[in-house]
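*Asks:* How does the following fold in three dimensions:
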Amino acid sequence: MVADFTLAPAVSSDAAGLISLRAGVVAEGEFLVAEPGEFVVSIEAMIVRIRAGDAAPGSSRCLFVARARHQVIGVVEVQPGAFRRNRHVGHVEVLVRRDWRGRGVGRALMERMIEWAGTSAVRKLALAVYAHNLPAIALYRSLGFVEEGRRVGEYAFPDGSVRDDLLMARAVGR
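*Replies:* Numbering: from 1, shown residues only. I've put the predicted structure just below:
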């Protein structure tokens, strides 16, 4: 398959596209904890976040975007733990625009992030995913992530249902 998208570190001009991407995924109500109206971030705050995720070798944070026709269609972000004892753990979040799912964007972003992690200060990549999100879980498993735990009934939905959170991780190869 010929890729019809590109991957690159995020730049300041991606800020509006990243906000729009996240808002779109939030609005779907399926994959993120936030509900519409709970996710509000300014362009300025997103630019600060982009600049912090410089993806330089030896760093512990990155923010890569997938673009198609000059639009942000996906993102993967790694943020380190907040304290010295967990700073080696990179917390991963990946989002892909609905109309681009199933076309290799998420896999490409994750593979690029894993490649970056090999040059980073990160020793472990960790993520949380709704236990019912089987396509995402299959992707993560295919990339070497394993289940480390489950938070049963972690999230309550407007319809009265509760959902489990699956915790997955993988070591960063050296």
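
*Asks:* quick one: contacts of the lowest-mean-pLDDT helix or strand in the chain?
*Replies:* Here the helix or strand of the chain ranked lowest by mean pLDDT, DSSP states H and E is helix 43-52, holding a mean of 91. With contact meaning Cβ atoms under 8 Å, 6 or more residues apart in numbering, helix 43-52 is reached by 10-12, 14-16, 18-19, 41, 61, 63. C-beta: built from backbone N, CA, C; applies to glycine.

*Asks:* pLDDT-wise, what's the bottom of those?
*Replies:* Among these, Val41 has the lowest pLDDT, at 86.

*Asks:* helix/strand/coil for that one?
*Replies:* Assigned by DSSP: H, G, I helix; E, B strand; the rest coil, the conformation of Val41 is coil.

*Asks:* give the contact list for the nearest residue to it once chain neighbours are set aside.
*Replies:* The shortest distance from Val41 to any non-neighbouring residue, by Cβ to Cβ, 6 or more residues apart in numbering, is to Ile19 (6.0 Å). Ile19 sits next to 41, 43, 46 when contact means Cβ under 8 Å, 6+ apart.

*Asks:* Of these, keep whichever come out buried.
*Replies:* Buried by 16 or more other Cβ atoms under 10 Å: Met46, out of those.

*Asks:* how about the contacts of Ile19 in CSV, adding distance to Pro57?
*Replies:* Output for the contacts of Ile19, formatted as CSV (distance: Cβ to Cβ, whole Å):
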residue, distance to Pro57
Val41, 28
Ile43, 28
Met46, 24
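
*Asks:* Leu166: which of the contacts of Ile19 is nearest?
*Replies:* Val41 (26.0 Å; Cβ to Cβ).

*Asks:* Nothing else from me, thank you.
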